[in-house]
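Asks: what follows is a predicted structure for the sequence shown.
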Amino acid sequence: MKLVELFNRTPFVEHLGIELTEAEDGYAEGRLPFSEEIRSNNFGSVAHGGATYALADTVGGAAAISLAGDVTPTVDMRIDYLAPATSDLTATAEVIRFGSSLAMVQVDIHNADGERVATAQGTYKTGGQGTETPWKGDEAPWEGHEEDAEETDE
């Protein structure tokens, strides 16, 4: 299973409506369509900050996993909200430092007009999880996922 497909099948990602569109070589992109369900209140037209944060964390994690080839739990994420998010959102993430235990990822989030509405920096754990972690179930595709990424869709 390809990394993009794996992320897009994640229950929380599906629930919010996030779509990962690219994840390779320490870079990832994704989008979150604006909807009534992510509004911050019943009367306004601004996305809840938590939805914006979830987009940043999802895309940032995908960038880290694209280099690690394994789960990369979020250790820390800092986000700055620069403008109200009132339309579809896109996020781009780039790994700016990848080490044996941690990766740092820069994430930029833009609205449909291309205006930057938030910027985030996340730290993800890249090693030391071992084979027994709560992030992996019996059917997790992590083992040998590099081979799966080369398969073509049929």
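Replies: Structure received. Numbering: from 1, shown residues only.
Asks: mean confidence for the helix ranked longest in the chain?
Replies: Using DSSP state H, we find that the single longest helix of the chain is helix 49-68. The average pLDDT within helix 49-68 is 97.
Asks: how much distance is there from the next helix-or-strand element following that helix to the middle of the chain?
Replies: Once the chain leaves helix 49-68, the next helix or strand it forms, by DSSP states H and E, is strand 74-81. Relative to its chain's centre, strand 74-81 lies at 12 Å (Cα atoms, centre = their mean, to the nearest Å).
Asks: tell me what angle strand 74-81 forms with helix 49-68.
Replies: 130 degrees (axes from the mean of the first three to the mean of the last three Cα atoms, to 10 degrees).
Asks: quick one: mean pLDDT for strand 74-81?
Replies: The average of the pLDDT scores along strand 74-81 is 98.
Asks: so what strands line up beside it?
Replies: Applying DSSP bridges, strand 74-81 is found paired with strand 116-125 (antiparallel).
Asks: what does the strand it pairs with contact?
Replies: In this structure, residues lying in contact with strand 116-125 by Cβ atoms under 8 Å, 6 or more residues apart in numbering are 52-53, 56-57, 60-61, 64, 68, 72-85, 89, 93, 101-111. Glycine gets a C-beta too; all of them are placed from N, C-alpha and C.
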